[in-house]
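Asker: the following comprises the amino acid sequence and a computationally predicted model.
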Amino acid sequence: MVSEEPGGWIHRGDPFATPEADRSPVRRLRGRLAAGITVWTAYGPRGPVGLTVSSTVVADGEPARLLGLVDDESALWDGLTAGRFAVAVLAAADRQVADRFAGLMPAPGGPFREGDWVETGYGPVPVGATWAGCRVDGTRPYGWALLVEATVEVAELGASLPPLVHYRGRYRTLSD
């Protein structure tokens, strides 16, 4: 439904969204599972690269493991082939970081140009972030992406801030 308001047209929904009848039930199921937003970074052949990733699972153990689904056509993929990467947990205030690394927001000069970053042996991470340094153990095609299996070699805890989550196609924050 569209209504005319002073200054232009206002849409009650996303005018570009796939009509509900045409949406995949599996994709809709996945959308109803809240997922934490992370940024994976690595050092590629031409410098640091990164990607927003919500398909991330961490398994405690000896050694701790991390699994994730990554688009093999992303700039991050070139960096992952070097065998090491960092995963930073994004906080509620990091929506623009998530959008820049997802390619949804302009990033003149690259996504690392904005904000404060710390260089690590795995990839750059936002200053003060909770992050993990990982070693790639293997990759394989898995559904629409590549499954990355990794060993967590370093885990650094930053401030305990409410995480940014993805739920039903939008970024959300947790509230008690």
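Answerer: Nice, I can see it. Numbers count the residues shown, from 1 in each chain.
Asker: helix/strand/coil for residue 95?
Answerer: helix (DSSP: H, G, I helix; E, B strand; the rest coil).
Asker: residues near it, how many?
Answerer: 15 (other C-beta atoms under 10 Å). Placement of C-beta: from N, CA and C, glycine included.
Asker: low pLDDT regions in the chain?
Answerer: Applying pLDDT under 70 to the chain flags residues 1-16, 176.
Asker: tell me where it has helices.
Answerer: For the chain, the helices defined by DSSP state H occupy 25-31, 75-80, 95-102.
Asker: identify whichever of these lies nearest to residue 46.
Answerer: Nearest of the helices of the chain to residue 46, taken as C-beta to C-beta: helix 75-80 at 8.1 Å.
Asker: can you give me the buried ones in stretch 26-46?
Answerer: 31, 35-44 (16 or more other C-beta atoms under 10 Å).
Asker: now swap in stretch 136-144 and tell me
Answerer: 136, 139.
Asker: just how off-centre is that stretch within its chain?
Answerer: Centroid displacement of stretch 136-144 relative to its chain, using C-alpha atoms, centre = their mean, to the nearest Å, is 17 Å.
Asker: so what's the closest residue to residue 95 other than its chain neighbours bridging to?
Answerer: Leaving out its chain neighbours, the residue that sits closest to residue 95 by C-beta to C-beta, 6 or more residues apart in numbering is residue 171, at 5.3 Å. In this structure, residue 171 bridges to residue 166 when assessed by DSSP bridges.
Asker: next, the contact list for residue 171, please.
Answerer: Listed by C-beta atoms under 8 Å, 6 or more residues apart in numbering, the contact set of residue 171 reads 37, 95, 98, 164-165.
Asker: rerun at 10 Å
Answerer: 37, 54, 90, 92, 94-95, 98-99, 164-165 (C-beta atoms under 10 Å, 6 or more residues apart in numbering).
Asker: what of residue 115?
Answerer: So residue 115 contacts 94, 96-97, 100, 124, 126-127 (C-beta under 10 Å, 6+ apart).
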